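A.B. asks: Starting from these lines, generate the structure:
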Amino acid sequence: MYPFTPYTHWPVQSAGQVPSVAVSDGNLFYNLAAIAGAQRVPPRPAAPRRGWLRWTRVPVGATDRAPAGAVYRDVLHAVVKGLDDRLYWNRFEARRGWGEWVQIPDSPRTNNAPEAVVFANRLHVFATDAQGRVVTASLGPRGRWTQWAVVPGRRSRSVPGAAVHQGALWLFVRGDDDRLYMTRLTPRGEWESWQNVPGAERTPGGPTAVNFQNTLHVFTRDANNNVIWNFLTPAGQWRGWRNLPGRERTPARPGAAVHEGQLFLFLRNPDSTISYRTLSPRLEFAQPVWQTVPGGLTPSAPEAVSWQGRIYVLARGTDNGIWLTSRD
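C.D. replies: Below you'll find the predicted structure:
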């Protein structure tokens, strides 16, 4: 059966529940907590135009893993694992809104979430196939996908992490021994040999990579679900794994994006809420405590993307829908 079922009815609300939908300034808003069956909360006023907007559901799609997002040619692209284990792709344009979900041609079956990154004027998607091999395909300016290819030399137990740094695409995976490994795709399209990310840390989940201030940052979690962080300096030196201030814990991989000169780091908390902190250009956490993204619950990792002056968070809802919020 086709994995994406249109959302054609509103759930029945009992007395005292927050409505699933509301209209404000001519816009239709979805209430994630009400639709997902979260605890009852008092009604909230209409969302202001500044700060976090209310969560909205991406039309039609469904997934049982975290979504991936990237901005390519000034369009927000989303990639998800469908309920049939294939990979699907959609795009959001500022004037037209969301398009239709389309299966990426010849998509392999996967048990993990995908990763998306833009490199060399192409949108690259990474995933793991049924054998744990890392596979990739890319979308070009003419709207055509390449065939899927295997990244040679290493298997991954979790979703890969990717980032562009100093003219190369860096790929990070969790190996069979639960350590992190890295490789690079050069502009000539050649993969370098895999290397271990320095340090003895092991992880039960996938990594997140982001380039900030010409420094390559990698976030993951340790065996106790503490968030740990390592970064590669412009001089090519890894600084070593460290815990984030506050020793925040998460059952999923972090999400990260650079926005307005700061690195935003997002976590799924043990209670399924989403929190965030910002890292300043001096590599200092500007906020003394973690702040909560209001209104949303997710059973998976959050995804973060900066686009058109706002930072967007994509997440899988507790109803397996793909949900979106943003702030300035």
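A.B. asks: any idea which element Leu263 lies in?
C.D. replies: Using DSSP states H and E, Leu263 sits in strand 262-268.
A.B. asks: Starting from that strand, tell me which strands it pairs with and how they run.
C.D. replies: strand 255-259 (antiparallel), strand 274-279 (antiparallel) (DSSP bridges).
A.B. asks: which stretches of the stretch 101-250 of the chain form strands?
C.D. replies: 102-103, 115-119, 122-128, 133-139, 149-155, 161-165, 168-174, 180-185, 195-196, 208-212, 215-221, 227-232, 242-243 (DSSP state E, counting those that start in this stretch).
A.B. asks: Quick one: those strands as JSON lines, columns for mean pLDDT too.
C.D. replies: Listed next are these as JSON lines, based on pLDDT from 0 to 100:
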{"stretch": "strand 102-103", "mean pLDDT": "98"}
{"stretch": "strand 115-119", "mean pLDDT": "98"}
{"stretch": "strand 122-128", "mean pLDDT": "98"}
{"stretch": "strand 133-139", "mean pLDDT": "98"}
{"stretch": "strand 149-155", "mean pLDDT": "95"}
{"stretch": "strand 161-165", "mean pLDDT": "97"}
{"stretch": "strand 168-174", "mean pLDDT": "97"}
{"stretch": "strand 180-185", "mean pLDDT": "97"}
{"stretch": "strand 195-196", "mean pLDDT": "96"}
{"stretch": "strand 208-212", "mean pLDDT": "97"}
{"stretch": "strand 215-221", "mean pLDDT": "96"}
{"stretch": "strand 227-232", "mean pLDDT": "94"}
{"stretch": "strand 242-243", "mean pLDDT": "90"}
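A.B. asks: To Ala256, which of the ones you listed lies closest?
C.D. replies: Distance to Ala256, taken as Cβ to Cβ, is lowest for strand 208-212 among the strands of the stretch 101-250 of the chain, at 4.3 Å. (Each C-beta comes from the backbone N, C-alpha and C, glycine too.)
A.B. asks: Run me through the strand neighbours of that closest one, direction for each.
C.D. replies: strand 215-221 (antiparallel).
A.B. asks: would you put the C-alpha positions of the strand it pairs with in CSV?
C.D. replies: Extracted in CSV, the C-alpha atoms of strand 215-221 (Å, rounded to 0.1, in the frame of the first residue of the first chain):
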residue,chain,number,x,y,z
THR,A,215,35.4,24.9,12.0
LEU,A,216,33.8,21.5,11.5
HIS,A,217,31.6,20.5,14.4
VAL,A,218,30.4,17.0,15.2
PHE,A,219,27.8,16.2,17.8
THR,A,220,26.5,12.8,19.0
ARG,A,221,25.7,11.1,22.3
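A.B. asks: tell me the angle of it relative to strand 161-165?
C.D. replies: Relative orientation of strand 215-221 with respect to strand 161-165: 170 degrees, computed using axes from the mean of the first three to the mean of the last three Cα atoms, to 10 degrees.
A.B. asks: now what about strand 215-221, what contacts it?
C.D. replies: Contact with strand 215-221 is made by 161, 163, 165, 170, 172, 174, 180, 197, 201, 203-211, 227-234, 249-250, 253-254, 256, 263, 265, 279, 283, as judged by Cβ atoms under 8 Å, 6 or more residues apart in numbering.
A.B. asks: same deal with stretch 88-108?
C.D. replies: Stretch 88-108 is contacted from outside by 3-4, 58-61, 75-82, 86-87, 125, 127, 129-130, 135, 137, 139, 145, 147-148, 308, using Cβ under 8 Å, 6+ apart.
A.B. asks: hang on, the earlier thing: now the strands paired with strand 262-268 as a markdown table including distance to Asn320, mean pLDDT and mean neighbour count?
C.D. replies: Formatted as a markdown table, those follow (distance: least, Cβ to Cβ, whole Å; pLDDT from 0 to 100; neighbours: other Cβ atoms under 10 Å):
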| stretch | distance to Asn320 | mean pLDDT | mean neighbour count |
| --- | --- | --- | --- |
| strand 255-259 | 18 | 97 | 21 |
| strand 274-279 | 17 | 94 | 21 |
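A.B. asks: export these to a markdown table and tack on distance to Thr325?
C.D. replies: Below are the strands paired with strand 262-268 laid out as a markdown table (distance: least, Cβ to Cβ, whole Å):
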| stretch | distance to Thr325 |
| --- | --- |
| strand 255-259 | 13 |
| strand 274-279 | 9 |
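A.B. asks: To Glu190, which of the ones you listed lies closest?
C.D. replies: Comparing the strands paired with strand 262-268 by Cβ to Cβ, strand 255-259 comes nearest, at 26.9 Å.
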